[in-house]
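>>> model this:
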Amino acid sequence: MARAKKYYRCQECGYESPNWMGRCSSCGNWNTFIEYYRDKSSSRKGGSSLSTGDRTAGDRAAGDGSQPLTKITDNEQERIISGITEFDRVLGGGLVNGSLVLLGGAPGIGKSTLILQVAFLFGQQNKKVLYIAGEESRHQLALRAERIGAYHDNIFILSTTSYQSAAGEIMENDFDIVIVDSIQTIYDEEVDSSPGSLVQVREVTQAFLRLSKGTGIPVILIGHVTKKGQLAGPRIMEHMVDTVLYLEGDSSNNYRLLKASKNRFGSIAEVGVFSMEGSGLMEISNPSNLFLREKPAGSSGSVVVPVSEGSRIILVEAQVLVTSGTYGASRRITSGIDRGRANLLLAVLEKHLGLNLADRDIHFNIVGGLKVSEPALDLALAAATISSYFDLPLDSELAVCGEVGLSGEIRSIPGMKSRIKEVVRMGFSSLIFPRANYSQEFADFKLDLKPVKKIDGLERQLKKLTDRPTK
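Model (predicted):
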């Protein structure tokens, strides 16, 4: 009989070592190593074998062994449509059978509320939904469901923190969707570690992955986030799941943004917009109107820009405040944009327009809590900076978009026709955009087009388009 091999494993990160260590060299925690024994006869030489639960039901039906890619014909994944358009859009068109989805967000942002609303709509489609509650009691969930109107006979609540108990319930019943709230509270009884530890989170996520792929049941995991806004737990957890969603928002307003940082079944560029109300999260079908409804008229440093978010164009307000640096060294504060990109734009404006910005405090902000990273925002930020620097109120019906190069040139951006359509639809009268994007077909739009080629051309256009008095 083969002799068992002794090893030591860190209970926080899962790092294995042949010798005991006081401090883990992987995660840096102290006194986390526990002694284990591994039976050599239980594993094959060259690596461990995967259980049949690691393969989907379709794979097992097709037989063991490899297959030519061209022989795999069942590549059309069936999707379950929830009925919440913003949620389905971010998923890529709906929830895919056998997929594992991870939803993260700050405490109180609305993760559980959104998923309970999704469960209710699935229940209305005669889908049996199992809600595994690891943080709340059945009565707490019932109170929330009553408040948001999400009561349904097809929603089943299981209050447990044991994976074995949850898996047994799933295998004994014919559920269509499984929701786990939250993954940090569920523990595997066979793993010697406390619930919420890195080892437990990794092992339980792997177990739910095997379950979803083996049964074809889509599983939605709700996860906590750290102070930096990242999902708590080992990074490998995000690699294991099929889709990673983030629900973001600002505590000072009711806007909530649903984004995907990973999606094996769709684009990660889509964004869902919601509003937190007393009856739950309400989807916003016209985000442009939401982000612009409080835009001040006749103020300097404020410009509207059409930005691309996946398959849609959204008009957002970009604000810049330029003030004298009276508190020592000048500061650059950004909200919703990359700070490095903002500093680059300021350097271009100093170099090519001669603006004295070195001793100024400059604040950048995208209204509504939206984070914008596309280059089309450059020209709007430059316009808002010039407007605030000269205290020049711009036309309230002006929109600006374009990419700014280091030589002061205005570069073309994609999707210009779609941006113009949205600007016209929202009732704006003029648009400053890159000359390289100009096309003769744009003349058919009822819009005063102002194409510019260099950054100095932007300054001239802005001084012509000061805010006109309202009638």
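>>> what's the first-to-last distance across stretch 446-465?
17 Å (CA to CA, to the nearest Å).
>>> mean confidence score for it?
For stretch 446-465, mean pLDDT rounds to 90.
>>> Stretch 166-179 too?
Here the average pLDDT along stretch 166-179 is 94.
>>> Show me the contact partners of it.
80, 95, 115, 119, 122, 127-132, 156, 158, 160, 180, 186, 207-208, 211-212, 215, 217-220, 222 (CB atoms under 8 Å, 6 or more residues apart in numbering). In short, each C-beta sits where N, CA and C put it, glycine included.
>>> mind listing which of the residues you listed are in strands?
Residues of the contacts of stretch 166-179 located in strands (DSSP state E): 80, 95, 129-132, 156, 158, 180, 219-220, 222.
>>> Now neighbour count and distance to residue 24 too, for those, in JSON lines please.
JSON lines is the format used below for those (neighbours: other CB atoms under 10 Å; distance: CB to CB, whole Å):
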{"residue": "80", "neighbour count": "19", "distance to residue 24": "42"}
{"residue": "95", "neighbour count": "25", "distance to residue 24": "38"}
{"residue": "129", "neighbour count": "24", "distance to residue 24": "40"}
{"residue": "130", "neighbour count": "21", "distance to residue 24": "36"}
{"residue": "131", "neighbour count": "23", "distance to residue 24": "36"}
{"residue": "132", "neighbour count": "28", "distance to residue 24": "31"}
{"residue": "156", "neighbour count": "17", "distance to residue 24": "40"}
{"residue": "158", "neighbour count": "19", "distance to residue 24": "35"}
{"residue": "180", "neighbour count": "28", "distance to residue 24": "28"}
{"residue": "219", "neighbour count": "28", "distance to residue 24": "30"}
{"residue": "220", "neighbour count": "25", "distance to residue 24": "32"}
{"residue": "222", "neighbour count": "25", "distance to residue 24": "28"}
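>>> Isn't residue 15 up against residue 27?
Yes: with contact defined as CB atoms under 8 Å, residue 15 reaches residue 27; the gap is 6.9 Å.
>>> between these two, who's got more neighbours?
residue 15 (19 against 15; other CB atoms under 10 Å).
>>> now the more buried one, nearest residue through space, not along the chain?
residue 26 (3.8 Å; CB to CB, 6 or more residues apart in numbering).
>>> Assign a three-state SS to that neighbour, would you?
Here residue 26 is recorded as coil under DSSP: H, G, I helix; E, B strand; the rest coil.
>>> ok so, going back, tell me the one among the ones in strands among the contacts of stretch 166-179 nearest to residue 457.
Nearest to residue 457, judged by CB to CB, of the ones in strands among the contacts of stretch 166-179 is residue 95 at 48.5 Å.
>>> How about the contacts made by the closest one?
Here residue 95 is in contact with 79-82, 88, 101, 177, 218, 220 (criterion: CB under 8 Å, 6+ apart).
>>> Mind doing that once more with 10 Å?
78-82, 87-88, 101, 118, 122, 127, 176-177, 218-220, 243, 265 (CB atoms under 10 Å, 6 or more residues apart in numbering).
>>> again with residue 350
Contacts of residue 350 (CB under 10 Å, 6+ apart): 356-358.
>>> Point out the least confident one among those.
Within the set of those, pLDDT is lowest for residue 358 (87).
>>> In space, what's closest to that one - neighbours in sequence excluded?
Spatial nearest neighbour of residue 358, excluding adjacent residues (CB to CB, 6+ apart): residue 330 at 6.6 Å.
>>> That neighbour: how many residues sit nearby?
Residue 330: 15 neighbours (other CB under 10 Å).
>>> for it, helix, strand, or coil?
Secondary structure, three-state DSSP: residue 330 is coil.
>>> Who are the contact partners of it?
Residues in contact with residue 330 (CB under 10 Å, 6+ apart) are 323-324, 357-362.
>>> try residue 234
Contacts of residue 234 by CB under 10 Å, 6+ apart are 12-14, 27, 197-199, 201-202, 205, 240.
>>> ok, 8 Å please
For residue 234, the contact set (CB under 8 Å, 6+ apart) comprises 13-14, 198, 201-202.
>>> and what of residue 123?
So residue 123 contacts 129, 152-155 (CB under 8 Å, 6+ apart).
>>> please redo it, this time with the cut-off set to 7 Å
Taking CB atoms under 7 Å, 6 or more residues apart in numbering, we find residue 123 in contact with 129, 152, 154-155.
>>> longest single helix anywhere in the chain?
Longest helix of the chain, by residue count under DSSP state H: helix 198-215.
>>> Please save the CA atoms from that helix in CSV.
Below are the C-alpha coordinates for helix 198-215, written out as CSV (Å, rounded to 0.1, in the frame of the first residue of the first chain):
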residue,chain,number,x,y,z
LEU,A,198,-10.2,32.4,0.4
VAL,A,199,-10.0,28.6,0.3
GLN,A,200,-13.8,28.2,1.0
VAL,A,201,-14.8,30.8,-1.6
ARG,A,202,-12.6,29.1,-4.2
GLU,A,203,-13.8,25.6,-3.4
VAL,A,204,-17.5,26.5,-3.2
THR,A,205,-17.3,28.4,-6.5
GLN,A,206,-15.7,25.5,-8.1
ALA,A,207,-18.4,23.2,-6.7
PHE,A,208,-21.2,25.4,-8.1
LEU,A,209,-19.4,25.5,-11.4
ARG,A,210,-19.4,21.7,-11.6
LEU,A,211,-23.0,21.7,-10.6
SER,A,212,-24.2,24.2,-13.2
LYS,A,213,-22.2,22.6,-16.1
GLY,A,214,-23.3,19.1,-15.1
THR,A,215,-27.0,19.8,-14.7
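>>> pLDDT of it, averaged?
91.
>>> Show me what it packs onto, helices and strands only.
Contacts defined by 3 or more CB pairs under 7 Å, 6 or more residues apart in numbering; DSSP states H and E place helix 198-215 against strand 100-105, helix 163-172, strand 219-223, helix 236-240.
>>> Kindly confirm my reading that residue 276 forms part of a helix.
No: counting by three-state DSSP, residue 276 is located in no helix; its state is strand.
>>> so who does it touch?
Going by CB under 7 Å, 6+ apart, residue 276 touches 110, 254, 256.
>>> Secondary structure and neighbour count for those - can I get that in JSON lines?
JSON lines is the format used below for the contacts of residue 276 (DSSP: H, G, I helix; E, B strand; the rest coil; neighbours: other CB atoms under 10 Å):
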{"residue": "110", "secondary structure": "coil", "neighbour count": "20"}
{"residue": "254", "secondary structure": "coil", "neighbour count": "15"}
{"residue": "256", "secondary structure": "strand", "neighbour count": "26"}
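>>> Pick out the lowest-pLDDT one from those residues.
Ranked by pLDDT, these bottom out at residue 254, which has 82.
>>> nearest spatial neighbour of it, skipping sequence neighbours?
Take residue 254 and drop its neighbours on the chain: the residue closest to it by CB to CB, 6+ apart is residue 276, 4.5 Å away.
>>> hey, what's that neighbour bridged with?
Applying DSSP bridges to residue 276 gives these bridge partners: residue 281.
>>> excluding its backbone neighbours, what's nearest residue 114?
residue 281 (5.1 Å).
>>> Is the one you found in contact with residue 112, as I believe?
No: using CB atoms under 7 Å, residue 281 is not in contact with residue 112, being 10.6 Å away.
>>> Count the neighbours of residue 92 for me.
Residues lying near residue 92 (other CB under 10 Å) number 20.
>>> quick one: pLDDT of residue 116?
pLDDT, residue 116: 95.
>>> All good on my end, thank you.
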